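A.B. asks: what's the 3D shape of this:
(one chain, ligands or ions: 1)
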Amino acid sequence: MEFLEDLKTQIKDFQNFEKFFYIFDLELVDNYYKFLKKNTEKYGFFSKLDIEKIASRHILESMVYVYYILNFCNVSRETSLLDIGSGAGVPGFLFFCLKEKPKVYLLDSSQRRLKKIEEYAKEKKFSNLYFIYERVEKYLELFDYATIRALIPFPFNIKLSSHIFKKHLFLFGGKIEYNEKIKNYLKSCNTKIENILPISELEFLGNRSLLIVSHIDKLKKNNPYSWKEIQKEMKQWQV
Ligand SMILES: C[S@@+](CC[C@H](N)C(=O)[O-])C[C@H]1O[C@@H](n2cnc3c(N)ncnc32)[C@H](O)[C@@H]1O
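C.D. replies: Modelled structure (predicted):
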């Protein structure tokens, strides 16, 4: 498989990662990887600097996160999962590559990269994979879980998405500073960080941690916040 062969050239300790693979349909992962690799320059899926590292920096990284998420919560065919700001389908598509798949929804405000993934999915006749082109703060459906990888800075990414999930929001994070100011900010939008799990296996990429977010009052209806409000707060915090 091209994905595994490329990965072996990109990381030193390949055998330490094999434990993460058994929950995935590796044929699907390999196929998706080959599509991304072949088309990344044409469609700008990833930055030019990352072209030689798609296998490790994007696919493997996301697979390890997905593995951690599945250790934390149950995902079945009935579970709905939304990937917010999915871009080229990362990390949401990796949930679709699970042997036991949830219903996967990939959302992005821009069609630029995600539309190409939708065309690829159509050609492959994938089912249970859905595409949404909308800003998350304007989208009002509810999903069991949601994921965020590189959307807008923390903790504003949580407020922007606080209305969209029922159970948990998972952030694919780097080094996180979680102080009283942030705690209070999250409290104001009825959210809290339940857990921060450092992902030591991904240290070769820098600091990596999984943030597990939930609502404080689980019965309260969470209305969305406008981008204007959040943008203003980002300016005030000088992000
Ligand atoms: C840096 S890219 C990350 C893409 C992908 N998650 C990844 O890790 O490679 C951020 C994406 O979020 C999308 N985005 C930004 N703000 C958004 C919003 N308010 N609602 C939905 N998508 C948004 C952008 O269009 C872009 O595709």
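A.B. asks: helix or strand right after the longest helix that the chain contains?
C.D. replies: If each helix of the chain is counted by residues according to DSSP state H, the longest one is helix 26-43. Next along the chain after helix 26-43, taking DSSP states H and E as the criterion, comes helix 61-72.
A.B. asks: tell me what that following helix is packed against?
C.D. replies: Using 3 or more C-beta pairs under 8 Å, 6 or more residues apart in numbering; DSSP states H and E, the elements in contact with helix 61-72 are helix 92-96, strand 165-173, strand 191-198, strand 209-215. To be clear about C-beta, it is placed using only N, CA and C from the backbone, and glycine gets the same treatment.
A.B. asks: quick check: angle from that helix to helix 26-43?
C.D. replies: 140 degrees (axes from the mean of the first three to the mean of the last three C-alpha atoms, to 10 degrees).
A.B. asks: okay, helix 61-72 in PDB with CA atoms only?
C.D. replies: The C-alpha coordinates for helix 61-72 follow below in PDB (Å, rounded to 0.1, in the frame of the first residue of the first chain):
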ATOM      1  CA  GLU A  61      -1.900  12.300  12.800                       C
ATOM      2  CA  SER A  62      -5.600  12.200  12.200                       C
ATOM      3  CA  MET A  63      -5.800   8.400  12.600                       C
ATOM      4  CA  VAL A  64      -4.100   8.600  15.900                       C
ATOM      5  CA  TYR A  65      -6.500  11.200  17.100                       C
ATOM      6  CA  VAL A  66      -9.500   9.200  15.800                       C
ATOM      7  CA  TYR A  67      -8.100   6.100  17.800                       C
ATOM      8  CA  TYR A  68      -7.900   8.200  21.000                       C
ATOM      9  CA  ILE A  69     -11.500   9.500  20.400                       C
ATOM     10  CA  LEU A  70     -12.800   6.000  20.000                       C
ATOM     11  CA  ASN A  71     -11.100   5.000  23.200                       C
ATOM     12  CA  PHE A  72     -13.000   7.700  24.900                       C
END
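A.B. asks: stretch 26-37 near the ligand anywhere?
C.D. replies: No - applying C-beta under 6 Å from any ligand atom, one finds stretch 26-37 separated from the ligand by no less than 10.2 Å.
A.B. asks: buried stuff in that stretch?
C.D. replies: Across stretch 26-37, burial judged by 16 or more other C-beta atoms under 10 Å covers 26, 28-33, 35-37.
A.B. asks: turn those into CSV, columns for pLDDT.
C.D. replies: Formatted as CSV, the buried residues of stretch 26-37 follow (pLDDT from 0 to 100):
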residue, pLDDT
L26, 98
L28, 98
V29, 98
D30, 98
N31, 98
Y32, 98
Y33, 98
F35, 98
L36, 98
K37, 96
